[in-house]
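Student: Pasted the sequence and its predicted model underneath.
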Amino acid sequence: MAPPAQSQRSPSPSQPSGKGEVSDLKIQLRQLAGSRAPGTDDTKRDLFKKVISYMTIGIDVSSVFSEMVMCSATSDIVLKKMCYLYVGNYAKHNPDLALLTINFLQRDCKDEDPMIRGLALRSLCSLGVANLVEYLVGPLNNGLKDGNSYVRMVAAVGVLKLYHISVSTCLDADFPDLLKHLMLKDKDAQVVANCLTSLQEIWSLEASKSEEAARDRESLLSKPIVYYFLNRIKEFNEWAQCIVLELVSKYVPTDSEEIFDIMNLLEDRLHHANGAVVLATIKVFLHMTLSMADVHQQVYERIKAPLLTLVSSGSSEQSYAVLSHLHLLVMRAPFIFSSDYKHFYCQYNEPFYVKKLKLEMLTSVANESNTYEIVTELCEYVANVDIPMARESIRAVGKIALQQYDVNAIVDRLLQFLEMEKEHVTAETLVLVKDLLRKYPQWSHDCIAVVGNISSKNVQEPRAKAALIWMLGEYAQDMQDSPYILESLIENWEEEHSAEVRLHLLTAVIKCFFRRPPETQKALGAALAAGLADFHQDVHDRALFYYRLLTYDISVAEKIVNPPKQAVSVFADTQSSEMKDRIFDEFNSLSVVYQKPSYMFTDKEHRGPFAFSEELGNLSIETEPADNDAVSAPRIEANDKELLLSTSEKEEILGYGTNGSAYNAPSYNSATTTGGSQGHLDLVSLDQPSTAFTNASSAMDELFGLGMPAVPGSVLLLNAKATIDSNPFQQKWRQLPVSLSQDISIDPRGVAAMTNPQALAQHMQNYSIHCVASGGQAPNFKFFLFAQKAEEPSAYLVECVINSSSCKVQLKIKADDQSTSQAFSDLFQAALSKFGLS
């Protein structure tokens, strides 16, 4: 029968020309099934390509399954591959269709062509249908004994696939023993490597269940097997070599002679073109010589050249991976790499992540002999148009200075940066000058002379402004305009959104007061008044502490706030030595690239607080929570600005005082003072102020001009009858920005009541806060809640995530009127705190 005529429709496989396209394919494939006419295979190829193309772009072509199977009766290897690809895609999700493939796949497993036998066996093992495992045992047995190495290689991996489908079937057929025999006897290196990979995974998973499997796993680390792999290592391809080297790194030699034998055997692997092989070999060398200090140092010298060669060759991604491992070694032995610092100079065409890592390495290898050259190079980077690069370069110069290498020249360089009049350069330099003054106070005269010329109006970044304010307070006696600069900053208190800056401003002004009282008295009074009225809890508490301290005894306050300073000798390291050792133990893995042990990014309990998606997803709407409905997503933290409210917006919730505190701040109206006996003031008392405190407060109010009335509080009222459907809620949730994000604790009795999550929804409804959706399962529960202000359309949307194991609650609040977010948060927390107590 002649091949059918080609369709007149568009031959483009990317877009079907109509609804009948798949039906036309089905008819044409059925006509070609069993045809032996010349050119049939070419026509089949064209049709198969269309089917695969449609399948790739998401069009359902499962209706032609039987026709595809029927057309697979051919010796054309290309048609076979496309058919296996199609079958593997649809059969794993449809067991009924998979059953249709068994016969032709089993038939192909006996084909004369070894390539077809291997492909058919791979497809058969990839079906992943538990009900069909009995059809895998025979072909796998035959495959492990096949005369062709490709088929044996596929069968070795097929055993592992069978194990994951049905453990009992795999073990009952004694496949692990067959793999072990094949691993030790087969002549083909790739077959041996596949057997090793499968056995390692199977025995590792079975070791916790079976002592025999644990012994078998340990047998892989026996001397005969390790030497067997080492003697054949040159026969393996790159990735198989990595598997063998990883196994060898776990082997414990009996004596130093054996260590040297292994290292001599692997010496040439250090010159391999593949970076993974080189790193795996280095891991073997480093781990085996840990107990031999002298040899271990020689290993560093030996591996230095191969690593530096890898850094300068290959892609940026490979360079970064190798640099990450080199950085780990540099931190452990910086003196060995100090003479090779020029290898870590940045190239203009390198991506930023590579440059940043190189800067870290330059700071690590800096010593007395190379500091001048390194700092000179870093100063060139400071003028870079790439702002992040310039920032990192300044930080690198500062780190070197803090290591006490050539401090004189470095301080001069840093002060020159302040004269460049670039905002980002000035900001980073100010932060570093502050740290330098903490360690080298003898340089204060030179530094303050330059810093004093910088206008605070030209410094906008919070960290830099905080550093400048710290210097204004710490060296107020050396900076003539210090009190007046601080006073101007306090006048703009409401415009300063960073809590860090406001905290530094409070401390700086009180330090300045102790050094220059007449000029700073007014500024201190204004700062305390603004701080006590601040809605950021830390700022409010610090201002209250200073106020009570000054009220108690000014001399005591000076000793506490402004004690004699000692130079900081060592700054805290971001990583402990124990952490670095754990990363070193996981050399040649992602732990080195991430700079953290594997458990910190693989174990769920170390991934931080449970977080959910911004979307509602499949959460049930006012029904019992469904399983597996929580989707992980990054947390959104509120910035300082979002946490701030103006003084006029303070709220008193359920009898709580200013700021939601459990105590009342002192009254600032001197007319309310009463007489009484004098006595010492309890600075940390949470009770009502005593008579002595009232009199002292009156004096301080008069001194600093704090005789102002307390701001009256107001209660936020909610609409008890407010309602909203899930769809409008979800739409509103997407539109509104996050007003407030907080982590709080919940009473354990409330956690105990979480056995019925709907109880929380009913409890919050008593406070006019309504549950829109809920979900999750222990220990993490998630609620979306809604509330509305009384007599106003202003709404509050809440995402509440409760971790019952840690008694922690993560709140995310969105509001139409963001100025009342804090008041609503206080109300919400007060209601939540009573859950489970009645």
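Tutor: Good, I have the coordinates. Numbering: from 1, shown residues only.
Student: Residue 433: what's it in contact with?
Tutor: Residues near residue 433 by CB atoms under 8 Å, 6 or more residues apart in numbering: 414, 415, 418, 447, 451, 467, 471. Where C-beta positions appear, they are placed from N, C-alpha and C, glycine not excepted.
Student: what's around the third one, how many residues?
Tutor: This means residue 418. 18 (other CB atoms under 10 Å).
Student: for residue 832, same thing?
Tutor: 22.
Student: before we move on, the earlier item: which entries within the contacts of residue 433 meet the buried criterion?
Tutor: Among the contacts of residue 433, the ones that count as buried by 16 or more other CB atoms under 10 Å are 414, 415, 418, 447, 451, 467, 471.
Student: didn't the fourth one look like it was pressed against residue 407?
Tutor: No - here residue 447 does not reach residue 407: they are 11.9 Å apart, not a contact under CB atoms under 8 Å.
Student: Can you tell me which helix or strand of the protein has the lowest average pLDDT?
Tutor: Ranking every helix and strand in the chain by mean pLDDT, DSSP states H and E puts helix 640-643 at the bottom, with a mean of 34.
Student: Mind pulling up the pLDDT for residue 756?
Tutor: If you check residue 756, the pLDDT there is 76.
Student: circling back: the contacts of residue 433 into a markdown table, with extra columns for secondary structure and distance to residue 56?
Tutor: What follows is the contacts of residue 433, written out as a markdown table (DSSP: H, G, I helix; E, B strand; the rest coil; distance: CB to CB, whole Å):
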| residue | secondary structure | distance to residue 56 |
| --- | --- | --- |
| 414 | helix | 58 |
| 415 | helix | 62 |
| 418 | helix | 59 |
| 447 | helix | 64 |
| 451 | helix | 63 |
| 467 | helix | 56 |
| 471 | helix | 63 |
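Student: So which of the residues you listed is the closest to residue 584?
Tutor: residue 414 (33.5 Å; CB to CB).
Student: ok, and what's touching the one helix or strand residue 380 maps to?
Tutor: With secondary structure defined by DSSP states H and E, residue 380 is part of helix 371-382. Helix 371-382 is contacted from outside by 341, 345-346, 359, 362, 365-366, 389-390, 392-394, 396-397, 400, 405-406, 409-410, 413, 417, 420, 425, using CB under 8 Å, 6+ apart.
Student: Mind listing what's buried along the one helix or strand residue 202 maps to?
Tutor: For residue 202, the host element (DSSP H and E) is helix 189-206. By neighbour count, with 16+ other CB under 10 Å as the criterion, the buried positions of helix 189-206 are 189-200, 202-203, 206.
Student: gap between it and the chain center?
Tutor: 32 Å (CA atoms, centre = their mean, to the nearest Å).
Student: Excluding its own residues, what touches that helix? List them.
Tutor: So helix 189-206 is in contact with 149, 152-153, 156-157, 159-160, 163, 167, 170-171, 176, 179-180, 182-183, 186, 213-214, 216-217, 220, 229, 232, 235-237, 239-240, 243-244, 247, going by CB under 8 Å, 6+ apart.
Student: Which residues are in contact with the residue nearest to residue 751 when sequence neighbours are not counted?
Tutor: In this structure, residue 751 finds its nearest non-sequential neighbour in residue 804, 4.8 Å apart by CB to CB, 6 or more residues apart in numbering. Neighbour list for residue 804: 751, 754, 778, 779, 780, 781 [criterion: CB under 8 Å, 6+ apart].
Student: try 6 Å this time
Tutor: 751, 754, 778, 779 (CB atoms under 6 Å, 6 or more residues apart in numbering).
Student: Please apply the same query to residue 153.
Tutor: Contacts of residue 153 (CB under 6 Å, 6+ apart): 190, 191, 194.
Student: before we move on, the earlier item: could you check how far the residue nearest to residue 751 is from residue 776?
Tutor: 10 Å (CB to CB, to the nearest Å).
Student: neighbouring contacts of the lengthiest helix in the chain?
Tutor: Ranked by residue count, the top helix of the chain under DSSP state H comes out as helix 293-312. Helix 293-312 is contacted by residues 270, 275, 278, 282, 285, 289, 319, 322-323, 326, 333, 336, 343 when judged by CB under 6 Å, 6+ apart.
Student: which of the residues you listed count as buried?
Tutor: By 16+ other CB under 10 Å, the contacts of helix 293-312 give 270, 275, 278, 282, 285, 289, 319, 322, 323, 326, 336, 343 as buried.
Student: For the residues you listed, work out which two are farthest apart.
Tutor: 289 and 319 (26.3 Å).
Student: quick one, phi psi at residue 169?
Tutor: phi -60, psi -40 (degrees, to the nearest 10).
Student: before we move on, what about the one 10 residues further on?
Tutor: According to degrees, to the nearest 10, the main-chain angles of residue 179 amount to phi -60, psi -40.
Student: From residue 184, how far out is the residue nearest to it when sequence neighbours are not counted?
Tutor: Leaving aside its sequence neighbours, residue 179 sits nearest to residue 195 (CB to CB, 6+ apart; 4.6 Å). For residue 195, the distance to residue 184 equals 9 Å [CB to CB].
Student: Give the residues shared as contacts by the two.
Tutor: Joint contacts of residue 195 and residue 184 (CB under 6 Å, 6+ apart) do not exist.
Student: which among the buried ones among the contacts of residue 433 gets closest to residue 767?
Tutor: Nearest to residue 767 among the buried ones among the contacts of residue 433, with distances taken as CB to CB, is residue 467, at 44.2 Å.
Student: What segments of the stretch 1-150 of the chain are helices?
Tutor: 21-32, 40-56, 65-71, 77-91, 95-108, 114-125, 134-144, 149-165 (DSSP state H, counting those that start in this stretch).
Student: The stretch 451-600 of the chain too?
Tutor: 462-474, 482-491, 499-515, 517-532, 537-552, 554-561, 577-585, 590-594, 599-602.
Student: Adding mean pLDDT and distance to residue 740, write those out as JSON lines.
Tutor: Shown next, in JSON lines, are those (pLDDT from 0 to 100; distance: least, CB to CB, whole Å):
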{"stretch": "helix 462-474", "mean pLDDT": "90", "distance to residue 740": "19"}
{"stretch": "helix 482-491", "mean pLDDT": "90", "distance to residue 740": "26"}
{"stretch": "helix 499-515", "mean pLDDT": "92", "distance to residue 740": "14"}
{"stretch": "helix 517-532", "mean pLDDT": "90", "distance to residue 740": "21"}
{"stretch": "helix 537-552", "mean pLDDT": "91", "distance to residue 740": "13"}
{"stretch": "helix 554-561", "mean pLDDT": "89", "distance to residue 740": "32"}
{"stretch": "helix 577-585", "mean pLDDT": "86", "distance to residue 740": "34"}
{"stretch": "helix 590-594", "mean pLDDT": "92", "distance to residue 740": "31"}
{"stretch": "helix 599-602", "mean pLDDT": "84", "distance to residue 740": "29"}
